[in-house]
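K.L.:
Got a predicted model here, sequence first, then my questions.
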Amino acid sequence: MKNLIIRLLANAVALAVASWLVAGITLQGATTGKRVLTLLIVAAIFGVVNAIVRPVVKLLSLPLLILTLGLLTFVINALMLWLTSWITGKLDVQFHVDGFWSALLGALIITVVGMIINVVLPDKAEVH
């Protein structure tokens with residue numbers, strides 16, 4: 001349970017950094033508390049999308065992943081972020097990714113922040 005909470009918080013931090021740095025990723029809330037709650041909800045949805053949808057997409061695109069030497073992974077990560085934005089829109093959560101290029105840049109930032117957090121946190125609390 002502790003590992004799950006750490007991963008949720010780490011994803012929330014990575015999403016916050018991406019929304020801060022990328023103009024096409026917006027996170028809204030009237031107060032700081034509402035923005036934090038929105039981040040936690042988005043991080044949970046993002047975690048579920050990455051746990052369920054991402055492995056299926058990676059398996060189906062395995063030949064292309066090999067052909068592109070893994071660079072397609074960045075596109076898959078962007079699509080997972082974009083899918084998260086679509087789901088949060090359906091749930092009326094104030095998080096939005098404007099387009100593919102914003103999603104790609106946001107996914108790159110989330111990956112880098114996740115790698116930094118993995119270096120800081122103990123081995124058992126890996127963030128993806």
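P.N.:
Good, I have the coordinates. Numbers count the residues shown, from 1 in each chain.
K.L.:
Quick check: residue 19 touching residue 35?
P.N.:
No. Applying CB atoms under 8 Å as the test, residue 19 and residue 35 come out as separate, 9.2 Å apart. (Each C-beta comes from the backbone N, C-alpha and C, glycine too.)
K.L.:
anything in contact with each of those two?
P.N.:
Overlap between the contact sets of residue 19 and residue 35, as judged by CB atoms under 8 Å, 6 or more residues apart in numbering, is given by residue 27.
K.L.:
ok, these two, which is more surrounded?
P.N.:
Counting neighbours by other CB atoms under 10 Å for residue 19 and for residue 35 shows that residue 19 has the greater number, 23 against 17.
K.L.:
which residues sit in contact with the more buried one?
P.N.:
Contacts of residue 19 were listed using CB under 8 Å, 6+ apart, and they are 25, 26, 27, 95, 106.
K.L.:
Verify the contact between the fourth one and residue 88 for me.
P.N.:
This means residue 95. Yes. Applying CB under 8 Å as the test, residue 95 and residue 88 come out as touching, 4.5 Å apart.
K.L.:
which of the two has more neighbours?
P.N.:
residue 95 (25 against 20).
K.L.:
Only the buried residues of the strand or helix carrying residue 5, if you could.
P.N.:
Residue 5 belongs to helix 2-21 when elements are defined using DSSP states H and E. Within helix 2-21, the residues scored as buried using 16 or more other CB atoms under 10 Å are 6-19.
K.L.:
neighbouring contacts of the helix or strand following it?
P.N.:
On the C-terminal side of helix 2-21, the nearest following helix or strand under DSSP H and E is strand 25-27. For strand 25-27, contacts defined as CB under 8 Å, 6+ apart pick out 15-16, 18-19, 35, 38-39, 42, 94-98, 102-103, 106.
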